[in-house]
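> Okay, sequence plus prediction incoming.
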Amino acid sequence: MRYVSTRNKTVSLTASQAIAQGLARDGGLLTPEVFPKLTPEMLEDWRGKTYGQRAVALMKLFLEDFSEEELTAFTQAGYSNQKFDDSRVAPLHQLDDNTHCLELWHGPTSAFKDMALQILPHLLSASLVKTNEDKTVCILVATSGDTGKAALEGFKDVKGTRILVFYPTGGVSQVQELQMKTQEGSNVGVCSVFGNFDDAQTGVKILFSDEKLRADLAERGYFLSSANSINWGRILPQLVYYISAYCDLLNAGKIQMGDKVNYCVPTGNFGNILACWYAGQMGLPVGKLICASNSNNVLTEFLSTGVYNKNRTFYTTMSPSMDILVSSNLERLLFALTGQDDQAVAGYMKELNTTGRYEVTEDLKAKLKDHFYGGFCDEDRTGRIIEKVWKEHNYLIDPHTAVAYQVMEDYRKESGDDTTTVFVSTASPFKFCDNVLKSLGVAEVKEGLDALDQLNQVSGRPAPVPLASLRNKPVRFDQSVEKEKMLDVVLEFLK
Ligand SMILES: *Cc1c(COP(=O)(O)O)cnc(C)c1O
């Protein structure tokens, strides 16, 4: 199977080349040219497998230059019971007869990015060997919270890799900051930057385009790369849990083979929901795909009007991982729905770059509506739904998950569609304690880690061990720099 650029189909790479390279040279996203079929017989077979075995079976279809032994080793390392606190890895929690929550936060950082970032570093490390890259990769990340920590945990002590994470001083929650400052591993670095997330991100972009730095590092045996969700190695592991959830529903007798299931996904960069759409294209019986946004509802508008317009107010919300105006992975959906029309996709992306806006054809609008429903949930409703789900279902959810739940309810009301639905839970409520406590009506929310205890007392639920144990971990990284000094930090780190 070859991987092509969404902006130029004549670019044709192997899986390991695509993963090692990350982004196509023309700025497009590297994407499988064809999608293998997922038959009912395969699903029947996968029902009897563990999560790790399902992951191997799926990834094997796409990664022809990797052996089954390699993939098995990766999943055993990434999804081990030292990393995940539930042996099912991505368990379903039933709310009522046809509503199930897919919990994707049982990994080491209590958010869904672990699902892919526990595997990507292994895929990348092996891809570098397969493509005869003799330099060591250094992953640079600018983070507003979740991604940085998940990448640090994923790359921790993975052979042939280093990772350096920058976050804005005061721009992440106290828990998130402690998570990063106490990071373990011999190949990791963490540094905060005075300024906001944009300053940190712009700083990283400047480093990536610094030719002199590139040459200096090459001499030292290093090259820079990123770990964001445009890399195919981050999308692929995400297809697994949608298929796995279907197998679990079959095993629990909630559905029969072939029955459609709707999936509702809280969406930011469009990677997670895209993975579900791909699973559907392969043959998983996916009904409606419900795309849930917060007040940054650029996708809601796009799915209903066919106009993508990033020229709008940016809102900072209590579901920060969805505070995004340009959803990069949408480009892969456009590529597929246009019948792989690379020129059309390149045109849309050019318009987006120059005017901040593009409008798709009538044909494409109709296709989008066939597959997707888009909705959004503002801050008030997010808070209320956390309280409602807690009271009515005795189930504690975080603000991102709450957005998904509310939009799922909106869709059901509007459409009358009562298909069995899986809504996706992307973070542990303990990761966003303060807003969860406030939503539950707690007037005085405590600071930092004390809020974990408080939520534990109010809910009777235990905090995830990796969060609760932060108290006892020594701080390893305590450096803060001006953004102009980020270059020095890199040079010092890769001395
Ligand atoms: C990253 C993230 C999302 C958004 O996922 P995308 O793949 O970017 O759409 C949603 N919720 C949480 C908690 C996240 O960390």
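Structure's in. What do you need?

> Can you tell me which residues in the stretch 101-250 of the chain are near the ligand?
Contact residues (Cβ under 6 Å from any ligand atom) of the stretch 101-250 of the chain with the ligand: A111, F112, K113, D146, S229. To be clear about C-beta, it is placed using only N, CA and C from the backbone, and glycine gets the same treatment.

> should've said the stretch 301-450 of the chain
Residues of the stretch 301-450 of the chain lying near the ligand (Cβ under 6 Å from any ligand atom): S321, M322, H400, T426, A427.

> quick one: contacts for the fourth one?
When you say that, I think you mean T426. Residues near T426 by Cβ atoms under 8 Å, 6 or more residues apart in numbering: L104, W105, A111, F112, P266, N272, S321, D398, H400, T401, A404.

> Please apply the same query to the third one.
Under the criterion of Cβ under 8 Å, 6+ apart, the contact partners of H400 comprise P266, S319, S321, M322, S425, T426, A427, F432.

> does it count as helix, strand or coil?
Three-state assignment for H400 (DSSP: H, G, I helix; E, B strand; the rest coil): helix.

> Can you give me the distance of it to I19?
27 Å (Cβ to Cβ, to the nearest Å).

> Likewise for the last one?
Summarising the geometry, the distance separating A427 from I19, computed by Cβ to Cβ, is 26 Å.

> for the first one, same thing?
When distance is defined by Cβ to Cβ, S321 is 23 Å away from I19.

> Look at these two and report which has more neighbours.
I19 (28 against 25; other Cβ atoms under 10 Å).

> What strand or helix carries that one?
In this structure, I19 sits in helix 15-21 according to DSSP states H and E.

> and that helix, what other elements does it pack with?
Contacts defined by 3 or more Cβ pairs under 8 Å, 6 or more residues apart in numbering; DSSP states H and E place helix 15-21 against strand 3-5, helix 120-130, helix 232-251.

> helices or strands up against the shortest one?
In terms of contacts (3+ Cβ pairs under 8 Å, 6+ apart), strand 3-5 is packed against strand 8-13, helix 15-21, strand 30-32.

> Surely L29 and L330 touch.
No: assessed by Cβ atoms under 8 Å, L29 is found out of contact with L330, at 9.8 Å.

> how near is N132 to the ligand?
31 Å (Cβ to the nearest ligand atom, to the nearest Å).

> What's the per-residue pLDDT of that residue here?
Reported pLDDT at N132 in the predicted model: 95.

> Just read off the phi/psi values of it.
The phi/psi pair for N132 (degrees, to the nearest 10) reads phi 60, psi 30.

> and the gap between it and E492?
Counting by Cβ to Cβ, the gap from N132 to E492 is 29 Å.

> again, but for H93
45 Å.

> for D450, same thing?
From D450 to E492 the distance is 35 Å (Cβ to Cβ).

> who are the neighbours in contact with the closest residue to L325 other than its chain neighbours?
In space, L325 comes closest to K310 once its chain neighbours are excluded; the distance is 4.5 Å by Cβ to Cβ, 6 or more residues apart in numbering. Counting by Cβ under 8 Å, 6+ apart, K310 makes contact with V298, L325, V326, L352, G356, R357.

> what's the third one in contact with, if anything?
Yep, that's V326 we're talking about. The neighbourhood of V326, defined by Cβ under 8 Å, 6+ apart, consists of K310, L352.
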